[in-house]
Structures are given as structure tokens and as C-alpha cells.
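J.: show me the folded form of this:
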Amino acid sequence: MDERTPDSPCQGQEELLAKYNWEQSGDEYQFVSDQGDDVVTFDVGAVDDGNPAEGPVEVDWTAEEPVDVVVVQAGGGSDPEQVIQLDSATEGTVTTERGISFLAFCVVPPTPTETPTPTPTETPQGETVYWQVDFGPGATPPDPPDYAGDGRDLMAALGNSDDGVTNNPSLLRQDDPGELGDVTIVGRSFSFDDENAPTEVTVEYEVDEGAPERDLHLAVFVLPGPYDYSEVDQQELYASTSVTVEGGDRTELTLSIPQESTE
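T.: Numbering: from 1, shown residues only. Modelled structure (predicted):
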């Protein structure tokens, strides 16, 4: 059911980019910014009955950012006359039979994409599985996962199949802008579905306003035994996922935790 209103013209996952009302400004009628950013320009081709006060019936628009949905209100009332679905367009034309009272421009933010999960490392039945979780910059973890040697900031956690989560975080380093310095990690730690016997791990974070676009990743490694820095090159990647973010984003990443073999 469409529940778009003049105050909330965008629905679901859509976010309002800009909304303009047709109003008198000085001695003339024009589109006036009402909500969102003033990033759209207009070229009015025709008005209703030749009377500007009645509103335009043909408008060309150009946006500084890609638009996914245009909501058109014409002829009064609260329900939109048209909801135009686009494919991330930066320009278009709106035509109506009655004068337009407002135009709203909505965008649909991209969703994080998860990289294919490698085949989990098999371990002998009953053998303790030691694991490490790393959250750091870049689309993929370094190989070998020597974050300190790479000069990368990160948050990490440790655990095993016998004791559950043993260190959370085991390391939290956020000193350098452009690495994790402009990322705020909610709770400054990972979230596990069960601290004593975890099967999933989640990291939730916010990116500071104005931060540049870049990639972040979450990775889980299987260790040969209890953590030993000298054995970093023996760690095996269990699973990883990544997301591209920019300033103002708030999202989360989730992965599975390796378990003891039941065979």
C-alpha cells in the first residue's frame, strides 16, 4: 500500500534527496526548496491554462546526484499523482494534466555486498578450533594477516571452540585518519550471538561525516593454536566480507565462527 504523503514522500528504503514546492517567490512562481538538499534545477516548459499560479504541466529537471524515484503531486489532494521509477538518472521530464504542486526526488542507498565465503577449513573431530576475528580497512584482509606489519589499524577478537570468546577486543587501534581513525565502532567491541559458544560475530560502526569513500572488511581466521604473533603466516582464512562506505554511513557486517568438526 502506497503511504506517501507531502511530508513523507519517500517510502521503504528510499531516502529523500530533495523536495520542491511550486510557490510564488517575489514577482514570479517557481520551484522552491522545501526539504533535503537544493541539488535540482528546473526548466518549466508549460503551465496549467497558461496561468503560473496553477502550476506547471511540463518540467525538465536536472539533478547533481543520481535519482531513483520522482514523486509528483498535481491538482491538490494528499496522494501523489505519479511515482516515477528511474534507473539512477540525473535528468528527466515530468508531464501532467493538472498543475504540479510539488516534486520530490528519492534515492535508494546501495546495500553491502558480501564476498563469496571460502570453503571452511576442516579440522579433526574433537580438536579445539582457535579463531581470530579482524575488522580493518580494505576490501580484503592482508595475506598473511599481519595487520601490524602492514601498518593497518584494526579491531580484533580471539576465541576457541572450548572456551568461547576469550578476548573482545584483543586489540583496538584507531589512530590514523583514513584507516579506522574516522570509524566509530559501536561499543568498541564485536557482538557475538553467544559469548560461551559463538556461531556468529557482528561489528556495527558509523563513519564520520565528511570521511572519504573506501572499503572496510570483516574476516575470520583459523589459528594453528593459541594466538602467537610468530605464527601469523600459518593462519588460514575461514571467511570474509566487505562493504564500501562513505561519510555518514552506519551499517554492520556479520560472519560465521568456525566450529569443531562433528564427523
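
J.: which residues does the closest residue to residue 198 other than its chain neighbours bridge with?
T.: Closest residue to residue 198 apart from its sequence neighbours, by C-beta to C-beta, 6 or more residues apart in numbering: residue 192 at 4.0 Å. For every residue, glycine as well, the C-beta is placed using N, CA and C. Bridge pairing for residue 192 (DSSP bridges) gives the partners residue 201.

J.: let me know the next secondary structure element after the lowest-mean-pLDDT helix or strand in the chain.
T.: Lowest on mean pLDDT, DSSP states H and E among the helices and strands of the chain sits helix 147-150, with a mean of 66. Heading C-terminal from helix 147-150, the first helix or strand you meet, by DSSP states H and E, is strand 155-160.

J.: contacts for that following strand, please.
T.: Applying C-beta atoms under 8 Å, 6 or more residues apart in numbering, the contact partners of strand 155-160 are 128-136, 147, 165-174, 180, 185, 188-190, 198, 201, 203, 226-227, 257.

J.: among those, which are in strands?
T.: Using DSSP state E, the subset of the contacts of strand 155-160 located in strands is 130-136, 165-172, 185, 201, 203.

J.: list the buried residues of the longest strand along the chain.
T.: The longest strand of the chain (DSSP E) is strand 56-74. Of the residues in strand 56-74, 56-57, 59, 61, 63, 67-74 count as buried by neighbour count, 16 or more other C-beta atoms under 10 Å.

J.: what does whatever helix or strand comes next after that strand contact?
T.: Next helix or strand after strand 56-74 toward the C-terminus (DSSP H and E): strand 82-95. With C-beta under 8 Å, 6+ apart as the contact definition, strand 82-95 has outside contacts at 2, 4, 57-72, 74, 96, 100, 103.

J.: contacting residues for the residue nearest to residue 203 when sequence neighbours are not counted?
T.: Counting by C-beta to C-beta, 6+ apart, residue 135 is the residue found nearest to residue 203 once chain neighbours are left out, at 4.8 Å. Contacts for residue 135 were tallied using C-beta under 8 Å, 6+ apart; they are 154-156, 180, 185, 190, 203, 205, 216-219, 253.

J.: same check, this time on residue 66
T.: Residue 66 neighbours (C-beta under 8 Å, 6+ apart): 88-90, 107.

J.: could you dump the residues you listed to a markdown table with neighbour count and pLDDT?
T.: Formatted as a markdown table, the contacts of residue 66 follow (neighbours: other C-beta atoms under 10 Å; pLDDT from 0 to 100):
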| residue | neighbour count | pLDDT |
| --- | --- | --- |
| 88 | 10 | 88 |
| 89 | 14 | 92 |
| 90 | 14 | 93 |
| 107 | 21 | 94 |
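
J.: quick one: residue 4 from residue 88, how far?
T.: 20 Å (C-beta to C-beta, to the nearest Å).

J.: actually residue 113, not the one I wrote
T.: Distance from residue 113 to residue 88, by C-beta to C-beta: 17 Å.

J.: next one: residue 138
T.: Residue 138 sits 26 Å away from residue 88, going by C-beta to C-beta.

J.: what does residue 242 give?
T.: Using C-beta to C-beta, residue 242 is found at 22 Å from residue 88.

J.: what do you get for residue 233?
T.: For residue 233, the distance to residue 88 equals 43 Å [C-beta to C-beta].

J.: residue 54 contacts residue 47, doesn't it?
T.: Yes: at 6.3 Å, residue 54 counts as touching residue 47 under the criterion of C-beta atoms under 8 Å.

J.: list the residues that contact both of these two?
T.: Residues touching both residue 54 and residue 47 (C-beta under 8 Å, 6+ apart): residue 99.

J.: ok, back up a step: now pLDDT, neighbour count and distance to residue 40 too, for the contacts of residue 135, in a markdown table please.
T.: Below are these laid out as a markdown table (pLDDT from 0 to 100; neighbours: other C-beta atoms under 10 Å; distance: C-beta to C-beta, whole Å):
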| residue | pLDDT | neighbour count | distance to residue 40 |
| --- | --- | --- | --- |
| 154 | 80 | 26 | 41 |
| 155 | 87 | 25 | 40 |
| 156 | 90 | 22 | 45 |
| 180 | 76 | 22 | 35 |
| 185 | 89 | 17 | 36 |
| 190 | 94 | 22 | 41 |
| 203 | 95 | 24 | 36 |
| 205 | 93 | 20 | 32 |
| 216 | 92 | 25 | 31 |
| 217 | 93 | 19 | 35 |
| 218 | 95 | 24 | 37 |
| 219 | 95 | 26 | 41 |
| 253 | 95 | 20 | 34 |
